[in-house]
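# predicted coordinates and the sequence they were generated for:
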Amino acid sequence: MSVVPNHGQFEAWASHHLPDTVQVQQGVWAVPLPLAGDQYVRHTYTYLVVDEAGSVHVIDPGWDTADNRSRLATSLGQIGKRLSDVRTVVSTHRHPDHTGLAPWIREVSGAPLLMHSAEAEAAKWEASVSMAFGFVRRLRSWGASWPDRAKLSRQLWRERRLGDAVGVRADAAVEHDEVLDIPGWRLRVVHTPGHTEGSICLYDETTRSLFSGDTLLPMVHPGIGLSGAAPSSANPLRRYLGSLASLARLDVDMVHPGHGYSFTGLNERLDETIGHHRRRSEEVRSILASQPGISVWQVAERVHWTAGWANLSGYMRLSAVAQTVMHIDYLRGESADEGSTRN
Ligand SMILES: [Zn+2]
Ligand SMILES: [Zn+2]
């Protein structure tokens, strides 16, 4: 077995085109909605799930722009629905590319926005502070020089990463194992902390499909610990690896991610993602062993990033530094564990 992508969506990804809205399984359509700015993942998949009464349930409403509002309305029209047919909106996590259109949908249709309780808590902390801003505040303690911090902040402004509040409020919280109220469906909440503290996947055991949000993506390994200014959990990488292990226990044919393309081969992709993090942890371990006492920023400079450190700017660079911190935390946790087994 290997990872097999949805052909049309993959072709669009590979050729840098925005894919069409397509039906990805019985009763489910994937609507691609571009992100603001020039970002690697390019667009979010907003899923429309039609229940047995003909009502629509939206998973991960994308970035709020005028174009995306009309794209969503047009896609609903293509399947014979209107915005007023939307009954509920559920976001796999609270990033603006997964919650953006929720307030507008709620205004038009009255559909409440559901998120995991940990995510709703974090959003309260962060009503006016963007995720990127939370990281920028920590850059100094991570050893970034003033010119590096100033340059990065300028790039983040240009990318519209600073100043974008992530404060979309949920109307109700969902918890692990809860089955969503969607007639004719058994979509169950799987809490998968890691990307953010309150990230969830939605699992339908009848059709063996998994909506994976940003917890598992086919074309890139998602960032971890992106809960922003809110108090993030200790050791998000360890929690993330635990989440991936819990997904491996599910019987899944098709994965519908937040970005990229739908694909089969869940376990292969889980293995690739786990392997990626383990290799990176090893790399950070050996950098620290050969140059003890260097700053987080200096470790990040020495890691072999796929795109190359020099080519990482703005949010991508910030994310690289943040990921380095997670690996250092993870290694510290591991050596603490070894210490306690020995003692
Ligand atoms: Zn995200
Ligand atoms: Zn995302």
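Perfect, I can see it now. Ligands and ions are numbered 1, 2, ... in the order given.

# which single residue in the stretch 51-200 of the chain comes nearest to ligand 2?
Among the residues of the stretch 51-200 of the chain, residue 97 lies closest to ligand 2, at 4.4 Å counting by Cβ to the ion. Quick note: C-beta positions are derived from backbone N, CA and C, even for glycine.

# quick one: contacts of stretch 21-29?
Here stretch 21-29 makes contact (Cβ atoms under 8 Å, 6 or more residues apart in numbering) with 6, 8-9, 30-32, 47-51, 75, 78-79, 184-185, 207, 209, 254, 256, 262.

# again, only this time at 7 Å
Under the contact criterion Cβ atoms under 7 Å, 6 or more residues apart in numbering, stretch 21-29 has outside partners 6, 8-9, 30-31, 47-50, 75, 78-79, 207, 209, 254, 256, 262.

# tell me if I am right that residue 307 is in a strand.
No. Secondary structure of residue 307 (DSSP: H, G, I helix; E, B strand; the rest coil): coil, not part of a strand.

# for the stretch 101-250 of the chain, what spans make up the strands?
Assigned by DSSP state E, counting those that start in this stretch, the strands in the stretch 101-250 of the chain fall at 113-116, 172-174, 187-191, 200-204, 209-213.

# JSON lines for those, including mean neighbour count?
Below are these laid out as JSON lines (neighbours: other Cβ atoms under 10 Å):
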{"stretch": "strand 113-116", "mean neighbour count": "26"}
{"stretch": "strand 172-174", "mean neighbour count": "17"}
{"stretch": "strand 187-191", "mean neighbour count": "20"}
{"stretch": "strand 200-204", "mean neighbour count": "25"}
{"stretch": "strand 209-213", "mean neighbour count": "26"}
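
# got these as TSV, with mean pLDDT and distance to residue 41 columns?
Shown next, in TSV, are those (pLDDT from 0 to 100; distance: least, Cβ to Cβ, whole Å):
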stretch	mean pLDDT	distance to residue 41
strand 113-116	96	20
strand 172-174	95	24
strand 187-191	98	22
strand 200-204	98	17
strand 209-213	98	12
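
# out of the ones you listed, which gets nearest to ligand 1?
strand 209-213 (7.2 Å).

# tell me the contacts of the closest residue to residue 116 other than its chain neighbours?
Using Cβ to Cβ, 6 or more residues apart in numbering and skipping residues adjacent in sequence, the residue nearest residue 116 is residue 198, 3.7 Å away. Contacts for residue 198 (Cβ under 7 Å, 6+ apart) come out as 93, 115, 116, 117, 118, 119, 122.
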